[in-house]
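[1] Fold the following.
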Amino acid sequence: MLRNQPRTPCQPPHMSFLRHARGNYMHTWSNYTVMVVEDSLTQRVYLIRLLQELGFGHVLAATDGVEAIRLLKEVASEPLYLVITDLDMPGMDGIELTQRITDAAYAQHIIVTSARDPRLLEVVESMSAEDAKLPLLGTLLKPIKRESLVDLISRAPERGNETRFDAKHTTFTLDELELALDQKQFLPYYQPKVAISSGQVVGAEALARWQHPIQGIVSPFFFIPILEGTPLMAKLTLLLIEQVLRDMAAWRSGGLSIDVSINLSAENLGDRGFIDRITDLVANYEIPPSCITWEVTETTVMNNLSSCLANLARLRLKGYGLAMDDYGIGYSSMQQLSRCPFTELKIDRAFVDGAAERPNRRAILETSIAMGVKLAVTTVGEGVESLADWHLLRDLACDLAQGFLIAKPMPADDLPHWVDANRARLTSLAQ
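    Purely as a prediction, here's the structure:
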């Protein structure tokens, strides 16, 4: 509930996009300028032709990072729509080029490619995760497949609008946030979770959003780090939990009964009194505890180990579900999984997205799912954005999937209609 990105409810654009004829995406991208930075003549020509076939109006080319920066300085009166760069190049490598492009705001989006060790691309993605200003759209292993490139590029509009809505305004003050809390400007968005074997919507994760009067829908990236460690964090969590409970009650009265997952911060989980307050809230709305799963990360538990473990056990004894979120990215995930009464294992998107094409990701994904199976907990693959990754999760016997392939997070009022409208599509995914 306290992470992730704001998106509006609809079928993922890249899915419908791929079904359109060539003329449609030519019209979509015809006004955009892109650049290919590639020292291999064969790869450079291939990418230029592919981008031209996809309908991009102007395709620039450079043989290395030095030439790319020179061209960008000469021709870029405004940021290019996209730069596709190789990682391993003489003169200036792709990592340095990416950093230079980010610092000077030369491009709206960057795609990094490589034929080297896939873990080098993981480094680039880690850089993006730590730096919100780095406009990384994604990474691709060579040889680059047309479908993979189209899928990645077609994600650009929504990603650009959601997490980088205003890169210059990345800091809010505590006073602003406190006022927003008092005015109840925060609300949950919901991202569905689907059973891979049947395509049935079995739950949703509640994700925090700020309905800012000027900025619009603001990602939690811009306010959660400011709130963490302050008394306002508990206030935000309680506000969102109560809204989730109201939404669940409204859905149930309308015939939609699904479970909801809600994130708890370290401050929340370490406070015994806070646990009592949220259980009282749930009781007031007459929602069965079994319909709610509290999500925590390994880092959350480690911050106050004794108190967190005790409160996790208390929540489990009361009948709530418990999920280890972002499994695999911490230092002692297996240890925490073995000694905490978790009912659900959420495998981080870093090991799901692209796992069908990257052996290193698949190895960790496969091991994580096998671990969940042996411990008899529900396994959830996060960040599912392609059919190939969905099929891989199915083949590995993962229980649930969550991600753009299924749906983007949406307001509470949109969820019932979305479930009805997408029932056939989800059933076909499971076949």
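
[2] so what's Asp88 up against?
    Residues in contact with Asp88, defined by C-beta atoms under 8 Å, 6 or more residues apart in numbering, are Gly94, Ser114, Ala115, Arg116. Every residue, glycine included, has its C-beta placed from N, CA and C.

[3] Show me which pair in those is furthest apart.
    The largest separation in the contacts of Asp88, counting by C-beta to C-beta, is between Gly94 and Ala115 at 11.8 Å.

[4] Among the contacts of Asp88, name the ones in helices.
    Taking DSSP state H, the ones among these that sit in helices are Gly94.

[5] Name the member of the contacts of Asp88 with the shortest distance to Val45.
    Each of the contacts of Asp88 was checked against Val45 using C-beta to C-beta; the closest is Ala115, at 16.0 Å.

[6] can you give me the strands for the protein?
    33-37, 58-62, 82-86, 110-114, 136-141, 186-195, 201-212, 216-218, 259-263, 292-297, 321-327, 344-347, 378-382, 400-402 (DSSP state E).

[7] and of those, who's closest to Leu236?
    With C-beta to C-beta as the measure, strand 186-195 is the member of the strands of the chain nearest Leu236 (6.1 Å).

[8] re the thing from before, who wins on neighbours among the contacts of Asp88?
    Gly94 (27 neighbours; other C-beta atoms under 10 Å).

[9] residues in contact with that one?
    Val37, Gly65, Thr85, Asp86, Leu87, Asp88, Val112, Thr113, Ser114, Val124.

[10] hang on, the earlier thing: closest to Leu415 among the contacts of Asp88?
    Of the contacts of Asp88, the one sitting nearest to Leu415 (C-beta to C-beta) turns out to be Ser114, at 39.2 Å.

[11] residues near Asp413, how many?
    Neighbours of Asp413 (other C-beta under 10 Å): 11.

[12] pLDDT below threshold where in the stretch 201-350 of the chain?
    299-300, 302-304, 328-335 (pLDDT under 70).

[13] what's the offset of stretch 192-203 from the middle of its chain?
    Offset of stretch 192-203 from its chain centre (C-alpha atoms, centre = their mean, to the nearest Å): 18 Å.

[14] residues of it that come out buried?
    For stretch 192-203, a neighbour-count test (16 or more other C-beta atoms under 10 Å) marks Pro192, Lys193, Val194, Ala195, Ile196, Gly199, Gln200, Val201, Gly203 as buried.

[15] closest to Cys291 among those?
    So of the buried residues of stretch 192-203, ranked by how close each gets to Cys291 (C-beta to C-beta), first place is Gly203, at 8.7 Å.

[16] ok, the closest residue in space to Thr85 that isn't next to it in sequence - contacts?
    With sequence-adjacent residues excluded and distances taken as C-beta to C-beta, 6 or more residues apart in numbering, Thr85 is closest to Val37, at 4.0 Å. Val37 is in contact with 61-65, 67-68, 83-86, 89, 94, 97, counting by C-beta under 8 Å, 6+ apart.

[17] can you tell me which of those lies nearest to Pro135?
    Closest to Pro135 out of those is Val83 (9.0 Å), distances taken as C-beta to C-beta.

[18] Now for the closest one: which residues touch it?
    With C-beta under 8 Å, 6+ apart, Val83 has these contacts: Val34, Met35, Val37, Ala68, Ile101, Tyr106, Ala107, His109, Ile110, Ile111.

[19] so what's the first one bridging to?
    So the one you mean is Val34. Using DSSP bridges, the bridge partners assigned to Val34 are Val59, Leu82.

[20] any idea how far Glu366 is from Tyr327?
    13 Å (C-beta to C-beta, to the nearest Å).

[21] Compare these two (neighbour count), which wins?
    For Glu366 versus Tyr327, the count of surrounding residues by other C-beta under 10 Å is larger for Tyr327: 27 against 17.

[22] how near is the more buried one to Leu232?
    28 Å.

[23] do Leu387 as well
    In terms of C-beta to C-beta, Leu387 sits 41 Å off from Leu232.

[24] Equivalent analysis for Ile95, please.
    37 Å.

[25] now do Asp117
    43 Å.

[26] who has more neighbours, the two?
    Using other C-beta under 10 Å, the more surrounded residue of Asp117 and Leu232 is Leu232, with 18 against 11.

[27] Hmm, that one is touching Leu174, no?
    Yes: the pair Leu232 / Leu174 is scored as a contact, 6.8 Å apart, by C-beta atoms under 8 Å.

[28] which residues does Leu429 contact?
    Val194, Gly199, Leu387, Trp390, Leu405, Ile406.

[29] same thing but at 10 Å, please
    Neighbouring residues of Leu429 by C-beta atoms under 10 Å, 6 or more residues apart in numbering: 194, 196, 198-199, 384, 387, 390-391, 394, 401, 405-406, 422.

[30] Same question for Asp353.
    Glu125, Gly138, Arg361, Gly381, Glu382, Gly383, Val384, Glu385, Ser386, Asp389, Gly403, Phe404.

[31] hmm, 8 Å instead?
    Arg361, Gly383, Val384, Glu385, Ser386, Asp389, Gly403.

[32] hmm, which of the residues you listed are the buried ones?
    Among these, those classed as buried by 16+ other C-beta under 10 Å are Arg361, Gly383, Val384, Glu385, Ser386, Asp389, Gly403.

[33] Which of those residues fall within helices?
    Arg361, Asp389.

[34] Same list (the buried ones among the contacts of Asp353) but as TSV, adding pLDDT and distance to Glu130.
    TSV is the format used below for these (pLDDT from 0 to 100; distance: C-beta to C-beta, whole Å):
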residue	pLDDT	distance to Glu130
Arg361	91	19
Gly383	94	17
Val384	96	23
Glu385	91	21
Ser386	91	24
Asp389	95	24
Gly403	96	21
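
[35] now for the buried ones among the contacts of Asp353, which pair is the farthest apart?
    Arg361 and Gly403 (14.2 Å).

[36] list the contacts for Val384?
    Val352, Asp353, Trp390, Leu393, Ala401, Gln402, Gly403, Phe404, Leu405, Ile406 are the contacts of Val384 under C-beta under 8 Å, 6+ apart.

[37] need those residues in CSV with distance to Gly255, can you?
    Shown next, in CSV, are the contacts of Val384 (distance: C-beta to C-beta, whole Å):
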residue, distance to Gly255
Val352, 32
Asp353, 34
Trp390, 28
Leu393, 29
Ala401, 24
Gln402, 23
Gly403, 26
Phe404, 27
Leu405, 26
Ile406, 21
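
[38] Go through these and name the one nearest Ala266.
    The closest of those, once distances to Ala266 are taken by C-beta to C-beta, is Gln402, at 22.9 Å.

[39] where's that closest one relative to Arg361, distance?
    17 Å.

[40] about what we covered before: from the contacts of Asp88, pick the one nearest Phe223.
    Gly94 (32.4 Å).
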